[in-house]
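Enquirer: Need coordinates for the following:
(4 chains)
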Number of protein chains: 2
Amino acid sequence: MVTIADVAKRAGVSKMTVSRVINGSGYISQETRERVEKAIQELDYVPNSLARSLRFKRTRTIGLILTDITNPFFTTLARGVEDAASEHGFSVIFCNTDESAEEESRYVNVLTQKQVDGLLLVPTARTPESITFLENRNLPFVLLDRRVPDFRVDVVRCDSEQGAHDLVYHLLSLGHQRIAALGGSMHITSSTDRIAGYRRALREAGLEHEAHRAVFSSFTIEGGFSAANKALTMQPPPTALFAANNFIAIGAFRALREAGLRVPQDISLVSFDDLPMSVGFDPFLTIIEQPAYEMGHRATQLLLERLSQDGPGEPQDIILPVNLIVRVSSAPPAAG
Amino acid sequence: MVTIADVAKRAGVSKMTVSRVINGSGYISQETRERVEKAIQELDYVPNSLARSLRFKRTRTIGLILTDITNPFFTTLARGVEDAASEHGFSVIFCNTDESAEEESRYVNVLTQKQVDGLLLVPTARTPESITFLENRNLPFVLLDRRVPDFRVDVVRCDSEQGAHDLVYHLLSLGHQRIAALGGSMHITSSTDRIAGYRRALREAGLEHEAHRAVFSSFTIEGGFSAANKALTMQPPPTALFAANNFIAIGAFRALREAGLRVPQDISLVSFDDLPMSVGFDPFLTIIEQPAYEMGHRATQLLLERLSQDGPGEPQDIILPVNLIVRVSSAPPAAG
DNA sequence: CTGTTAGCGCTTTCAA
DNA sequence: TTGAAAGCGCTAACAG
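Expert: Numbering: from 1, shown residues only, chains lettered A, B, ... in the order given. As a prediction, the model looks like this:
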């Protein structure tokens, strides 16, 4: 390995002078600078940022802890993070927790050891431990997509409550009165907020007594499948289903197909989150679209801001607006 | 920051003893070990892996350079990489090049500075520079998804040639004779290999003279759109289109829709790569499915193997089999 | 079983 | 404008 000492020797200067050339700090004569640069070229020298970080106490690296990069929502978010980080010369280490709190703590620990400058975190259902850990270490972090109740920390998320409200309002305006909500975990705020929005829409329509049709499951295809099946057993049956995320919508769609129900003729189906790639083909599902890329980008910017400021700063709860896209999966209820 | 020295002082031992406890190396009396562990607990000590890596000359971190994490094919691949890495206690730094060779060199450089132990790389059209750079530094790397001609290096990829052949053979068996191929860049082997497979299928069917219907563009929706439009101007027009990847298929589908052509009644459309999320809804497209997750997992295993062995080892070209899935977008050509 | 010394590659003092 | 010494946090090598 070529080190700064090798360059120094070759250029006939001290290590310090080489360091100054690399970092563009301090005064250096034009002539020495050129000699050093030549030596760097000739030796094909690349600085060791490990050693550098050890001194600087900054790594220009952030951690990104997601639940599952395979969900296109998080994929797009991750892309926003990487772009924003890269714009500022930061690198991103990424990790998948699969909603497991154990994995989350493990990764938080690993990333701490690696001395990341900050952390972006999609909290699992049981995140407080990690938050306390990070706060004790004064390691800056920003929560993504989900709040964690009882903690005053930076969060960047979408307006789940309003989005769900808008989606359900849309169904109500079509004439639906019996709408079932297929939620995710009841310990994840993006799920509970969406159920809250569902309830508010019903309340505003004077259909409070119909709000019991909310089923919690998980943000997975299986969760959506079973939740939809449960909803279909309700008496009288719902005329529309509101899926709290894209995976749930897929599972629900399967359940409907197996039950021999056509969308939207027999039952309407709407969803929070889009299915990006399918849009090219068959823009089918009426959805709430979340600005996933902006979310990642914005959260990264906030984090980098935190890194460059002194104190912790007033915690921000940044709520991005969402967007209703009406397509063909929602229609007025059947006459019957 | 709590360092090993703080722990040592608190436990009344030397730093070395603490180090031994942490690493489980050397002999330590039960009593001392407990005292040290207690001190670690009390101080909430987390080792600094920067310092550790500086000594060990290993970071237990690998770099993953993709063209675009937003493509579900690469998303799934990335997930395979992260899982395999995590199984072995490795972390992953990820980067998107957007097919730019400049970005690629920049990231290769950054990751080298960060002293990653190895690199996974989806090469862009102009990768040789990066390869030479890595080889000069003896930094182990494995290429993903695409070969780079004239270099004997480790590659993990799918059988593009055979897959394309199978897909076109499928069209031929349906009775199609005029099949256009919509390729990606002519400088990317996954693209050229697929075109080669297309040509072989035609040749085997004695339709060599029809092989001129291959259009190169890029692995993007726009590329697919324009390539399809070009194909549609051919005289006589093709009765089937073969898209060399998922994005191209989407662009082609749009072009067909705008031209008022129905799939598969008026024209058949088949594609390399699936559209994972849309499968839940409307398994529509006849495709070649690639084992993206396995590819990422396998490549990571190979890389980690390289890291733990002494010499460079004989370069491997691992070719994973692909899978034809016939759905409804392919049908016999219209009578006309 | 435990401690001391030296040094990984770099940069922050402080001198010259 | 340049350099020497010290040290970031850790561990290998050698003592004891």
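Enquirer: May I see the domains of chain A written out as residue ranges?
Expert: Domain ranges of chain A: A:4-47, A:59-157+A:292-320, A:160-290, per automatic domain parsing.
Enquirer: Check whether the second one comes near DNA strand D.
Expert: No - under the criterion of Cβ under 7 Å from any atom of the strand, domain A:59-157+A:292-320 makes no contact with DNA strand D; the nearest approach is 8.4 Å. C-betas here are computed from N, CA, C, even on glycine.
Enquirer: so does that domain get close to chain B?
Expert: Yes - using Cβ under 8 Å from any Cβ of the partner chain, domain A:59-157+A:292-320 reaches chain B at A:59, A:61, A:68-70, A:72, A:75-76, A:78-79, A:82-83, A:86, A:91-96, A:109-115, A:136-137.
Enquirer: Which of those residues fall in helices?
Expert: Judged by DSSP state H, helices contain the following of those: A:72, A:75-76, A:78-79, A:82-83, A:86, A:109-113, A:136.
Enquirer: Helices along the stretch 151-300 of chain A, start to end?
Expert: The residue ranges that make up the helices of the stretch 151-300 of chain A, judged by DSSP state H, counting those that start in this stretch, are A:160-173, A:189-204, A:221-232, A:246-258, A:292-308.
Enquirer: in stretch A:307-322, what's buried?
Expert: Applying a neighbour-count criterion of 16 or more other Cβ atoms under 10 Å in any protein chain shown, one finds A:Val322 buried in stretch A:307-322.
Enquirer: quick revisit: buried ones among the ones in helices among the residues of domain A:59-157+A:292-320 next to chain B?
Expert: Members of those that pass the buried threshold by neighbour count (16+ other Cβ under 10 Å) are listed as A:Pro72, A:Thr75, A:Thr76, A:Ala78, A:Arg79, A:Glu82, A:Asp83, A:Ser86, A:Val110, A:Leu111, A:Thr112, A:Gln113.
Enquirer: hang on, the earlier thing: tabulate the ones in helices among the residues of domain A:59-157+A:292-320 next to chain B (CSV), appending distance to A:Leu302.
Expert: As requested, those are exported to CSV (distance: Cβ to Cβ, whole Å):
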residue, distance to A:Leu302
A:Pro72, 23
A:Thr75, 21
A:Thr76, 18
A:Ala78, 16
A:Arg79, 17
A:Glu82, 16
A:Asp83, 15
A:Ser86, 16
A:Asn109, 23
A:Val110, 23
A:Leu111, 18
A:Thr112, 20
A:Gln113, 24
A:Asn136, 21
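Enquirer: could those go into a markdown table alongside pLDDT and distance to B:Ile195?
Expert: Putting those into a markdown table (pLDDT from 0 to 100; distance: Cβ to Cβ, whole Å) gives the following:
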| residue | pLDDT | distance to B:Ile195 |
| --- | --- | --- |
| A:Pro72 | 93 | 29 |
| A:Thr75 | 96 | 28 |
| A:Thr76 | 96 | 30 |
| A:Ala78 | 98 | 32 |
| A:Arg79 | 97 | 29 |
| A:Glu82 | 97 | 31 |
| A:Asp83 | 97 | 32 |
| A:Ser86 | 96 | 33 |
| A:Asn109 | 96 | 48 |
| A:Val110 | 96 | 43 |
| A:Leu111 | 97 | 43 |
| A:Thr112 | 97 | 49 |
| A:Gln113 | 96 | 47 |
| A:Asn136 | 92 | 58 |
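Enquirer: Residue most distant from the centroid, chain A?
Expert: Note on chain A: the largest separation between a C-alpha and the mean C-alpha position, by Cα atoms, centre = their mean, falls on A:Gly12 (51.0 Å).
Enquirer: Just give me the neighbour total for A:Leu50.
Expert: A:Leu50 sits with 21 neighbouring residues when counted by other Cβ atoms under 10 Å in any protein chain shown.
Enquirer: likewise A:Val155?
Expert: By the criterion of other Cβ under 10 Å, A:Val155 has 23 neighbours.
Enquirer: And the pLDDT at it?
Expert: Confidence at A:Val155, expressed as pLDDT, is 98.
Enquirer: do the same with A:Gly336
Expert: Each residue has a pLDDT score; the one for A:Gly336 is 55.
Enquirer: Could you do A:Thr286 as well?
Expert: For A:Thr286, the model assigns a pLDDT of 96.
Enquirer: remind me which residues of chain A are low pLDDT?
Expert: A:278-282, A:336 (pLDDT under 70).
Enquirer: Would you check that A:Val101 makes contact with A:Leu121?
Expert: You called it Val, but residue A:101 is Ala. No - assessed by Cβ atoms under 8 Å, A:Ala101 is found out of contact with A:Leu121, at 11.9 Å.
Enquirer: quick check, A:Glu99 in a helix?
Expert: No - assessed with DSSP: H, G, I helix; E, B strand; the rest coil, A:Glu99 is coil; it does not lie in a helix.
Enquirer: Give me the neighbour count for it.
Expert: Should you count by other Cβ under 10 Å, A:Glu99 turns out to have 21 residues around it.
Enquirer: quick one: contacts for it?
Expert: Taking Cβ atoms under 8 Å, 6 or more residues apart in numbering or on different chains, we find A:Glu99 in contact with A:Thr67, A:Asp68, A:Thr124, A:Ala125, A:Ser185, A:Ser218, A:Phe219.
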